Structures are given as C-alpha cells and as structure tokens.
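Trainee: Provided below are the primary sequence and the corresponding predicted coordinates.
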There are 2 protein chains.
Amino acid sequence: MPARGRFREGPFHAWLLRSLRPGPGVRVGVGDDAAVLRLAKKDLLASTDSLVEGVHFAPGTSPRLAGGKAAGRVLSDMAAMAAAPRFGLLSLVVPPTWTSSAVRRFVEGFDDRLRRHGACLVGGDAACAAGPFVAAAALLGEPGARRALRRAGARPGDLILATGTFGGSILGRHLRFVPRVREAIALARRLPIAAAIDVSDGLALDLHRLCRASGVGAVLEARAVPVSRAARLLARRTGRSPLAHALGDGEDHELLLAMRPSGRPRLVGLRAGVAVRVPLHVIGRFGGRGVRIRDERGRERPLLPSGWEHGAGGRG
Amino acid sequence: MPARGRFREGPFHAWLLRSLRPGPGVRVGVGDDAAVLRLAKKDLLASTDSLVEGVHFAPGTSPRLAGGKAAGRVLSDMAAMAAAPRFGLLSLVVPPTWTSSAVRRFVEGFDDRLRRHGACLVGGDAACAAGPFVAAAALLGEPGARRALRRAGARPGDLILATGTFGGSILGRHLRFVPRVREAIALARRLPIAAAIDVSDGLALDLHRLCRASGVGAVLEARAVPVSRAARLLARRTGRSPLAHALGDGEDHELLLAMRPSGRPRLVGLRAGVAVRVPLHVIGRFGGRGVRIRDERGRERPLLPSGWEHGAGGRG
C-alpha cells in the first residue's frame, strides 16, 4: 500500500471509502456526492470551524493530535448548545509538505475523537494547494436536552458556572482537551441552565460574549476563578499572574454557563454524583452594568475582553 | 462603516449577524456556537467541498463570483442526489491580501447563490492566515424525490442521460454554471432514474466513477455527446478537438444519469414540457466490459478517465 509519499486526492478518497466504518444513522457515508443520514427527530444543530497549520497547531505536531483538535473544537461548539454530536464532515487543503500517511493519521485522529463522543465522519473532501494545511470541519448534532442552550438567556441574579480549570492550554491541553459534551447534556437536563458558551478565546472574552448576547452585565470573583496548573507553570515563565493566564489565554474549551439561583442546592448533589465528573465552580453572578472582576479585597474593576490587564493586581 | 481595510474576525462576525436574513427552518442562525435548524422530515443529506484561490479561481476574480462558485459546487453535489438544498455553512481562511469588503462580497455571492436554489447560509467561521484564500462549504439538504439518487444503481441496458453541454468551462462557465437542482428533482420524480453523478472533473472521469460505483461498463456515442460552444472556441486555441474538451475539461457541473430504458418514451414529453428547461441528451448505454466510446464509423475504443486521448480521432 502506498501509505507514504506524496498526497493525491484519488487514493485518499479510495482509502476513506475503505477505512471509515459507517456509524448509526448513516445510510450513505463517504464515497457518493453527499452523505445520506437519518436523525431521531427533525431538529438539527450545525456548526463549522477551521484549523490552520501555523495558527492552531505548530508545524511538526502529530497529525493524529491535530486531527483530534479539529474534532474537539466543533465538538466543544456542540457541547455549548447541550447537543449530542452525530455526523462530521471534513474538508482538507493539503500542501505538498504533507505526506499521504500524515493526512490519513490526521483524518483518523479526527474520526476517533468524534467517535469518543458519539459522532462519526460521514463526508470528506481534499484539495491540493501550496500554503498551510487547512482542515475545515462541520459537525451536525441533535438536541441533547429539552432545548438547545444559547448564548442569550442569562438574567441578572443568575450564577456564573464554569467547568474545569483555565489558562496555559498552550502547554499542551489545546491539543488534548476533552470537549464537555456529556457534562453539558447532564447539566442542561438536571439544572436550570439559562445560557452557555464554550471558552475558546479566553474566559474574559467569552464571558463578554455571553453577556452581550444576553444583554446583561456580570461580576466575576477573582478568588473563585479555577486557575489551572498549566497557568501557574506558564506564569513562572512569562512574569504574568496565573489569574491573567486563566482569564486571557483561551483554548480551554471549558463551559461557561448561566444558572438560575434556584439550581444552587442541586449543584452539590451533582458534584458528588457521577453525571458530571469534571469540577464545577460558581465563579460569579450576572447583573449590574458591564463585565467586572472583584478582587480578594472586594474591589471591583472592569474586566476587559482581553482578560486581566497590566496593573490590575493578582500577580504571584 | 469600515467596509474597506484589513480583514478582522470580530467585525466580520458582527456583520454576518447583522446582514444574514434567517431562511425557513432556521431557528438560530449565525451568532451562536451552532445553528439550530428544523427539517421537514428526519432524512438529511450532507456534502462538503472546498474552494481554493489559485486552484479553483484565479487571483483577481470577482469575490462575489468566487463565492457563487463555492456555493454552486456543493449545490451541484446536492443535485446529483436529487436533494433539495436547505442550509449552508461556510468556513473561511483569509490571507492578509483580502480586504474586509472582498470577504463580505464573497459571502454575499455564496448566500445569494444558495438562496436562488432554496437554501441559505446558517453558520460562518473565519480564521486569518497567510497562504491562499480558502472557503470550505458544507451544505445540508432534504430528499427532493422518493429516494436519494446514488452513484451505484446503474444496470446493463440503462441509458446514459446528460443535461446541458460539456467542455470549455474555463472560458467563464466554471464561475457561472447553474447547478441542476430543479432538474435533478424533476427527473428523479418523473423518470426511472437509477443512478446519478454531477460532472465536476470531466465527463469521461465522472462516467468512470458512476460505472465503478454501479459495477457496470458503458459505451458512449461520440456523435451524441453535447459539445458546448465554449469547447469549440477553446479547441481553436488549443488544437485539440472540441470533443476532447467536452470529455476531459471538467467543471461543467451538468448531470450524468442512468435511466432504465422504459423511461425513454416519457423523455420526449419532459423535453417539450417546462419541468426541465435544460436540454437532455441520451449519450450512450450502460453495459459491456469497461468504459468505451464509439466513433461515427461504429468503432469502439476504451475511453480513458482523462477523456479523449491523442490520436483517438474526432479532431475538427
């Protein structure tokens, strides 16, 4: 088999056709002009995102990990809507520097990560061109809870809920993060969640987006922000504070949710249970004007979309 | 309005959110983590394709036309399945050479072409990177006839049916072709169509693909192949025959269909009627071993996937 060597579209399509196992609901998968799919209901969620070599992953990165990241990004979009992922499409632009084998490993990484979350690849396309390797993914899903979670819906008084920890994902997590698909569905089913977003561009910026879509302000409690180990490690190198990294770094792909205050007692049970295995944190409250952060001494300052700015304290 | 100037993702997303009218079935369009859509039934078709500057359109091409081509390519995939297009997703990689205004015109061209065929753009994503401009499109559709047309399904004795004319699309038609969406649905509803493909890579190559998927041979009648005016014009410049261009050029985006012989009498009525406004041609018959072409004198030769090869006659 010519697994090595120059990438060509014809053999790639033949390989796709041979290699991809059709998943549930796939009537016609790769190999025709379009995939033919069957949903459980008539409701559908759809998201698209692209991954560019040199922008979203460094040249030399394992193709399998890069493919996993391409899947993880659209899976995380689905999680933000409390959707159950089903069908993925992948469009590749392959430069001459990528071998046939590297492209295959990228696609395997993509499909494997989809399958871990209940979806599978159903259609692929590739073009050859100079420039960076580009993978554009589209993901289709079905509602995982009674209704899709939107960015709009947060009200003053709602709690700001976050999964996991934040910051320093560039140290490795940006390639290996686990999209919070199961957690989002479990939370949307069990708690009065009013709005959600996934943190792709930084906790501060994505909180701004959630607030803008909902038409509310918010105050974040600095001491409640779950700072990752990677953020602490990175802070030692950069001289910035771990909190600054947690607020501004991005690519955490954790969830930021607005929960009605009535859900608070149930939160304790969820944390102790098995439905949501990732830590959950109440990190602030919606309401007031603008997006602010309150430090340990109770002083509020504006939280800029870019995160914790210079001179705003919290270093160390 | 900063319509000119450097492309930036933030203002682009804000413009998308302001500009895109939601179409039928769109519950949540651009602006959230995923689009929320409603289908008429539970069946879904999905296709993806990418368009790369310098490969699929020349630098300097009108962005609106290039955007229309990106839409036309996935619309043509849907046509090949006799599907009714519904929802489009667009993922862009934008180099520094593209202004904000050019990107907007590209997206408008994409959405306009979708809307002419009953679909609309529901999700967009953009990343900035050096290299060629890349647009990856995904299109979702619903079955337009009792069942989706596939590449597999042709049997010996079926007629080879083609819409329109072939060759020379590089002279302009590759940007302006009309995907045969309405025609495919009308044909699939009224005739015993057994298989279909859209001609993106050349009549000869795509006939090979249809034959391979169906597990049959075919013989094409050279004098029945509808040669376009553009193929004749181009042949004068290249010294190759018009037929060679019709067989090998690609990007015609016409349909190649397998029809049971029982449909032939109804074909005449369809041609005279209004359901199918594009010319229909019977250009050969499935059956026998391999894919052949028969010249005016009744001699059969193998038809190579690349088209009409040198020395195979038909020049003029």
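Mentor: That came through, no problem.

Trainee: pLDDT score for the closest residue to chain B within the stretch 151-300 of chain A?
Mentor: For the stretch 151-300 of chain A and chain B, the shortest gap (CB to the nearest CB) falls at residue A:151, measuring 5.4 Å. C-beta coordinates here come from the backbone N, C-alpha and C atoms, glycine included. Among the per-residue scores, residue A:151 shows a pLDDT of 96.

Trainee: So it lies in a strand, does it not?
Mentor: No - going by DSSP: H, G, I helix; E, B strand; the rest coil, the assignment for residue A:151 is coil, not a strand.

Trainee: interface residues of the stretch 151-300 of chain A facing chain B?
Mentor: Those residues of the stretch 151-300 of chain A that sit near chain B, judged by CB under 8 Å from any CB of the partner chain, are A:151, A:152, A:196, A:197, A:198, A:213.

Trainee: Apply 7 Å and report the result again.
Mentor: Taking CB under 7 Å from any CB of the partner chain, the part of the stretch 151-300 of chain A that reaches chain B is made up of A:151, A:197, A:198.

Trainee: Which of the residues you listed has the largest number of neighbours?
Mentor: Using other CB atoms under 10 Å in any protein chain shown as the neighbour criterion, residue A:197 leads these with 28 neighbours.

Trainee: Quick check: residue A:67 vs residue A:149, distance?
Mentor: 27 Å (CB to CB, to the nearest Å).

Trainee: Low-confidence bits of chain A, can you list those?
Mentor: Flagging of chain A using pLDDT under 70 yields the residue ranges A:1-4, A:271-275, A:307-316.

Trainee: Spatially central residue for it, please.
Mentor: residue A:76 (3.0 Å; CA atoms, centre = their mean).

Trainee: ok so it is a helix residue?
Mentor: Yes - under three-state DSSP, residue A:76 sits within a helix.

Trainee: my guess is it meets residue A:198, correct?
Mentor: Yes - assessed by CB atoms under 7 Å, residue A:76 is found in contact with residue A:198 at 4.4 Å.

Trainee: Quickly list what residue A:48 is bridged to.
Mentor: Counting by DSSP bridges, residue A:48 forms beta bridges with residue A:138.

Trainee: Verify the contact between it and residue B:126 for me.
Mentor: No - counting by CB under 7 Å, residue A:48 stays clear of residue B:126, with 10.3 Å between them.

Trainee: Neighbour count: those two, which is higher?
Mentor: More neighbours surround residue A:48 than the other of residue A:48 and residue B:126, with 28 against 20 (other CB under 10 Å).

Trainee: and the more buried one, what is it in contact with?
Mentor: By CB atoms under 7 Å, 6 or more residues apart in numbering or on different chains, the contact set of residue A:48 is A:136, A:137, A:138, B:89, B:91, B:123, B:125, B:138.

Trainee: so who does the third one touch?
Mentor: When you say that, I think you mean residue A:138. Counting by CB under 7 Å, 6+ apart, residue A:138 touches A:46, A:48, A:89, B:48, B:89, B:138.

Trainee: again, only using 8 Å
Mentor: A:46-48, A:74, A:88-89, A:91, B:46, B:48, B:89, B:91, B:136, B:138 (CB atoms under 8 Å, 6 or more residues apart in numbering or on different chains).

Trainee: what about it, distance to residue B:137?
Mentor: Separation of residue A:138 from residue B:137 (CB to CB): 9 Å.

Trainee: Likewise for the fifth one?
Mentor: Using CB to CB, residue B:91 is found at 8 Å from residue B:137.

Trainee: And the fourth one, by the same measure?
Mentor: Between residue B:89 and residue B:137 the distance is 7 Å, computed by CB to CB.

Trainee: one step back: please enumerate the shared neighbours of residue B:91 and residue B:137.
Mentor: residue A:91.

Trainee: Settle it for me: which of these two has more neighbours?
Mentor: Between residue B:91 and residue B:137, residue B:137 has the larger neighbour count (other CB under 10 Å), namely 31 against 27.

Trainee: Could the C-alpha coordinates of the helix or strand containing residue A:127 be exported in CSV?
Mentor: Element membership of residue A:127, judged by DSSP states H and E, is strand A:120-128. Coordinates of each C-alpha in strand A:120-128 appear next as CSV, following Å, rounded to 0.1, in the frame of the first residue of the first chain:
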residue,chain,number,x,y,z
CYS,A,120,-18.6,9.8,13.2
LEU,A,121,-17.1,11.2,10.0
VAL,A,122,-19.6,10.9,7.1
GLY,A,123,-18.0,13.0,4.3
GLY,A,124,-14.6,14.2,3.3
ASP,A,125,-13.1,16.3,0.6
ALA,A,126,-9.5,17.2,-0.2
ALA,A,127,-7.8,19.7,-2.5
CYS,A,128,-4.0,20.1,-3.0
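
Trainee: Now do that strand: distance to the chain's middle.
Mentor: Put simply, strand A:120-128 sits 21 Å off its chain's centre (CA atoms, centre = their mean, to the nearest Å).

Trainee: If you count neighbours, what's buried in stretch A:39-58?
Mentor: If you call a residue buried by 16 or more other CB atoms under 10 Å in any protein chain shown, then stretch A:39-58 has these buried ones: A:39, A:43-53, A:56-57.

Trainee: same deal with stretch A:109-126?
Mentor: For stretch A:109-126, burial by neighbour count (16+ other CB under 10 Å) applies to A:109-111, A:113-126.

Trainee: overlap between those and the residues near chain B?
Mentor: A:122, A:123, A:124, A:125.

Trainee: Among these, which one sits closest to residue A:12?
Mentor: In terms of CB to CB, no member of these lies closer to residue A:12 than residue A:124, at 8.0 Å.

Trainee: Pull the contacting residues for that closest one.
Mentor: Counting by CB under 8 Å, 6+ apart, residue A:124 touches A:13, A:16, A:30, A:89, A:90, A:91, A:92, A:107, B:48.

Trainee: Give the bridge partners for it, please.
Mentor: For residue A:124, the beta-bridge partners under DSSP bridges are residue A:90.

Trainee: residues near the nearest residue to residue A:168 once chain neighbours are set aside, how many?
Mentor: With CB to CB, 6 or more residues apart in numbering or on different chains as the criterion, residue A:168 has its nearest non-adjacent residue at 3.0 Å, and that residue is residue A:230. Neighbour count of residue A:230, defined by other CB under 10 Å: 23.

Trainee: Assign a three-state SS to residue A:230, would you?
Mentor: Under the three-state scheme (three-state DSSP), residue A:230 adopts helix.

Trainee: In strands, which of the buried residues of stretch A:39-58 appear?
Mentor: The strands, defined by DSSP state E, take in A:43, A:44, A:45, A:46, A:47, A:48, A:49, A:50, A:51, A:52 from those.

Trainee: what about the third one, distance to residue A:300?
Mentor: Counting by CB to CB, the gap between residue A:45 and residue A:300 amounts to 37 Å.

Trainee: Mind putting the residues of the stretch 151-300 of chain A next to chain B into TSV with distance to residue A:254?
Mentor: Output for these, formatted as TSV (distance: CB to CB, whole Å):
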residue	distance to residue A:254
A:151	15
A:197	10
A:198	7
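
Trainee: hey, what's in contact with both of residue A:48 and residue B:126?
Mentor: With CB under 8 Å, 6+ apart, residue A:48 and residue B:126 have common neighbours residue B:91.

Trainee: shouldn't residue A:192 be in contact with residue A:257?
Mentor: No - Residue A:192 is beyond contact range of residue A:257, at 10.3 Å (criterion: CB atoms under 8 Å).

Trainee: show me where chain A has helices.
Mentor: A:9-19, A:63-80, A:100-116, A:173-176, A:181-190, A:203-214, A:229-238, A:242-248, A:264-272 (DSSP state H).

Trainee: my read: residue A:199 touches residue A:249, true?
Mentor: No - Residue A:199 is beyond contact range of residue A:249, at 9.5 Å (criterion: CB under 8 Å).
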